[in-house]
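> Just a sequence and a predicted model for now, questions to come.
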Amino acid sequence: MSKKNILIIDDDVEILELLQDGLSDEYNVKVSSKGKYGVELLKGDIYELCILDLVLPDISGLEILEEIKNLPYDVSVIIITGYPTIESAVKTIKEGASDFVKKPFSIEEIKYIIQKVLKEKEMREEFQSLKSHLAERFNFSGIIGKNKKIKEVVRLIQEIAPTDAFILITGESGTGKELVAKAIHYNSLRKDYRFVAINCGALPDTLLESELFGYRKGAFTGASAAKKGLFEVADGGTVFLDEIGNTSESFQSKLLRFLDSGKFYPLGGTQSIKTNVRIISATNTIIENKIRKKEFREDLYYRLNVVRIELPPLRERREDIPLLIDHFISLYNKKYEKDIKGVSLSAMEYLMNYSWPGNIRELQNAIEHGVILCKSDEIKPKHLPDSVKESGFKKLSEESLSYKRAKEAFEREYIVKLLKNVKGNITEASKIAGIARQSIYDKINKLDIKKERVYYTE
């Protein structure tokens, strides 16, 4: 781990020299005898702690404390002053200072206070991290399915989660790559630290690098203050690099250097930062093809692909669709305060027959759509997205569709097309089909063919 950065703002030169000499072995120490220059330093770099004099010639310590509160990162503050009062101590603590020290003080005293304040900051950050991720803590039941390939994925996660091995997850968009990455993290020894995710393919190089490596003030236009990168934020935890296959050769080179050394330079920074993170990457492309085309570095591929997990598309695990539907209905019942029991047989037919190019993510969106529109206790075809309803009837194999269900699905499709051809005229439909008008009505009710799909008349 690199040394923590400490900034000291005091107009007393002797105090500055005492602290700089006494703390430099353990910390990276910068000093300023001017308050306004100290504020500029705070905006230009990342500091864990600021030791701040309350009385300065150009700006008060309380004004600087207010500036610190508005920074995009957390800085602990120790106030030092030669004119202490109970009122001033209480006021600075209320304004966000961590401690208050009276001059003169010994270097041993200030070292003890610094250690205490930094430990409190570390505990506070860990608590916030755990609090923000509490809802995401889950066991392997978060990965739903009885498909053989999914069971194999769960088994593999159980084996590799306790290790620090880098992992490459492959599969089409929407197959649950981030869910698997979270399952690995929250069942690993890093579970009490942060899990952060970034879509590498959605960002240009400069923005992607600034998000991962962070930057210093002035590194580029608009960088008005320093910002920590995700590699630093997730120190001790896991970084999930989604769509790694869509990154540039330049970024791949910088990532490889980081993986080899564990160190990186923030944009605009001159001092390296060492961090300890586990990398889980994912891609929806056939990355071997990119390697052959010289679009992805082979050496980076071997670093990332220590263990590979391949996720099947939803169309190859149709037996899991009813389980996923039940899970999403339960999820959105809570969100929208509803009590939907399930989906109708006809709605299930549409859901089972659809090809799901967007995989689990698309199914989840479809069920949320259905829950929102459903006013009864059962989702029906009219509640499903048009893309699902308009996919039409497609025959499934004998293994996945019983004769009874196939017959009902055929009847439904036949009656719908028949009514559309006769513009909903029941009498005309019965003549063409060769069955009684009442039989047409019975099939409309039995097969859940409502007026929303076909406007029929006598």
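Cool, got the structure. Values in this document were obtained by computation on a predicted structure and should not be read as measured data.
> which residues of the stretch 151-300 of the chain fall in helices?
With DSSP state H, counting those that start in this stretch as the criterion, the stretch 151-300 of the chain has helices at 177-186, 205-213, 230-233, 249-261, 287-292, 298-304.
> repeat for the stretch 1-150 of the chain
Under DSSP H, counting those that start in this stretch, the stretch 1-150 of the chain gives helices at 13-23, 35-44, 61-69, 86-94, 107-133, 148-160.
> okay if I get these as a markdown table plus mean pLDDT and mean neighbour count?
C-beta here means a position set from N, CA and C on the backbone, and glycine is covered the same way. Formatted as a markdown table, these follow (pLDDT from 0 to 100; neighbours: other CB atoms under 10 Å):
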| stretch | mean pLDDT | mean neighbour count |
| --- | --- | --- |
| helix 13-23 | 92 | 16 |
| helix 35-44 | 92 | 19 |
| helix 61-69 | 89 | 18 |
| helix 86-94 | 70 | 14 |
| helix 107-133 | 80 | 14 |
| helix 148-160 | 92 | 15 |
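> Now distance to residue 6 too, for these, in TSV please.
Formatted as TSV, the helices of the stretch 1-150 of the chain follow (distance: least, CB to CB, whole Å):
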stretch	distance to residue 6
helix 13-23	6
helix 35-44	11
helix 61-69	13
helix 86-94	18
helix 107-133	7
helix 148-160	39
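> mind checking which helix or strand of the protein has the lowest mean pLDDT?
helix 86-94 (a mean of 70; mean pLDDT, DSSP states H and E).
> before we move on, the earlier item: out of the helices of the stretch 151-300 of the chain, which gets nearest to residue 194?
helix 230-233 (6.3 Å; CB to CB).
> helices or strands up against that closest one?
strand 195-199, helix 205-213 (3 or more CB pairs under 8 Å, 6 or more residues apart in numbering; DSSP states H and E).
> Just the CA atoms of the longest one, as CSV, please.
What it means is helix 205-213. Written as CSV, here are the backbone C-alpha positions of helix 205-213 (Å, rounded to 0.1, in the frame of the first residue of the first chain):
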residue,chain,number,x,y,z
ASP,A,205,-10.6,5.8,-23.6
THR,A,206,-10.0,9.1,-21.6
LEU,A,207,-13.2,8.8,-19.6
LEU,A,208,-12.6,5.1,-19.0
GLU,A,209,-9.1,5.7,-17.7
SER,A,210,-10.2,8.6,-15.5
GLU,A,211,-13.0,6.4,-14.0
LEU,A,212,-10.6,3.6,-13.2
PHE,A,213,-7.4,5.4,-12.4
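> List the contacts of it.
Residues outside helix 205-213 that contact it (CB atoms under 8 Å, 6 or more residues apart in numbering) are 198, 200, 203, 219-220, 223, 227, 229-231, 239, 247-248, 250-251, 254, 264-267.
> let's see it at 6 Å
The contact list for helix 205-213, computed with CB atoms under 6 Å, 6 or more residues apart in numbering, reads 198, 200, 229, 230, 231, 248, 250, 251, 264, 266, 267.
> okay, the fifth one: pLDDT?
When you say that, I think you mean residue 231. The score at residue 231 is 95. That number is its pLDDT.
> wait, it sits on residue 274?
No. Using CB atoms under 6 Å, residue 231 is not in contact with residue 274, being 10.0 Å away.
> Neighbour count for those two, which is higher?
residue 231 (25 against 14; other CB atoms under 10 Å).
> In contact with the residue most central in space within the chain: list those residues for me.
By CA atoms, centre = their mean, the chain has its centre lying nearest to residue 197, at 4.6 Å. Counting by CB under 6 Å, 6+ apart, residue 197 touches 178, 240.
> do that again at 7 Å, thanks
178, 240, 242 (CB atoms under 7 Å, 6 or more residues apart in numbering).
> residues near the last one, how many?
Using other CB under 10 Å, the number of residues around residue 242 comes to 22.
> Look up how far residue 94 lies from the residue nearest to residue 96 when sequence neighbours are not counted.
Using CB to CB, 6 or more residues apart in numbering and skipping residues adjacent in sequence, the residue nearest residue 96 is residue 69, 5.6 Å away. Noted for residue 69: a distance of 12 Å to residue 94, by CB to CB, to the nearest Å.
> Over to residue 263?
Residue 263 is 39 Å from residue 94, by CB to CB.
> And residue 91, how far from residue 163?
51 Å.
> and which of the contacts of helix 205-213 is nearest to residue 302?
Looking across the contacts of helix 205-213 and measuring by CB to CB, the closest to residue 302 is residue 251, at 17.3 Å.
> Name the helix or strand for the closest residue to residue 328 other than its chain neighbours, please.
Of all residues not flanking residue 328 in the chain, residue 367 sits nearest, at 3.9 Å (CB to CB, 6+ apart). Assigned by DSSP states H and E, residue 367 falls within helix 359-373.
> And that helix, what's buried?
Neighbour counts over helix 359-373 (16 or more other CB atoms under 10 Å) mark 359, 360, 361, 362, 363, 364, 366, 367, 368, 369, 370, 371 as buried.
> now for it, which elements pack on it?
Packing contacts for helix 359-373, counted by 3 or more CB pairs under 7 Å, 6 or more residues apart in numbering; DSSP states H and E, involve helix 321-336.
> Which residues does whichever helix or strand comes after the helix it packs on contact?
Later in the chain than helix 321-336, the nearest helix or strand by DSSP H and E is strand 342-343. Residues outside strand 342-343 that contact it (CB under 7 Å, 6+ apart): 325, 329, 351, 378, 379.
> Make TSV from the residues you listed and add neighbour count to it.
Formatted as TSV, these follow (neighbours: other CB atoms under 10 Å):
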residue	neighbour count
325	22
329	21
351	23
378	15
379	25
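> between these, which is closest to residue 412?
residue 351 (14.1 Å).
> Which other helices and strands does whatever helix or strand the closest one lives in contact?
Taking DSSP H and E as the criterion, residue 351 maps to helix 345-353. Helix 345-353 makes packing contacts with helix 321-336, helix 386-389, helix 403-421 when contacts are defined by 3+ CB pairs under 7 Å, 6+ apart.
> give me that answer again for 10 Å
helix 321-336, strand 342-343, helix 359-373, strand 378-379, helix 386-389, helix 403-421 (3 or more CB pairs under 10 Å, 6 or more residues apart in numbering; DSSP states H and E).
> For residue 174, find the nearest of those.
helix 359-373 (3.4 Å).
> quick one, what contacts the closest residue to residue 57 other than its chain neighbours?
Leaving aside its sequence neighbours, residue 57 sits nearest to residue 11 (CB to CB, 6+ apart; 5.7 Å). Contacts for residue 11 (CB atoms under 10 Å, 6 or more residues apart in numbering) come out as 32, 33, 34, 35, 53, 55, 56, 57, 58.
> from what I can see the first one touches residue 7, true?
What it means is residue 32. Yes. Residue 32 lies in contact with residue 7 (CB atoms under 10 Å); the separation is 7.1 Å.
> Mind listing the shared neighbours of these two?
Common neighbours of residue 32 and residue 7 (CB under 10 Å, 6+ apart) are 38, 39, 41, 42, 50.
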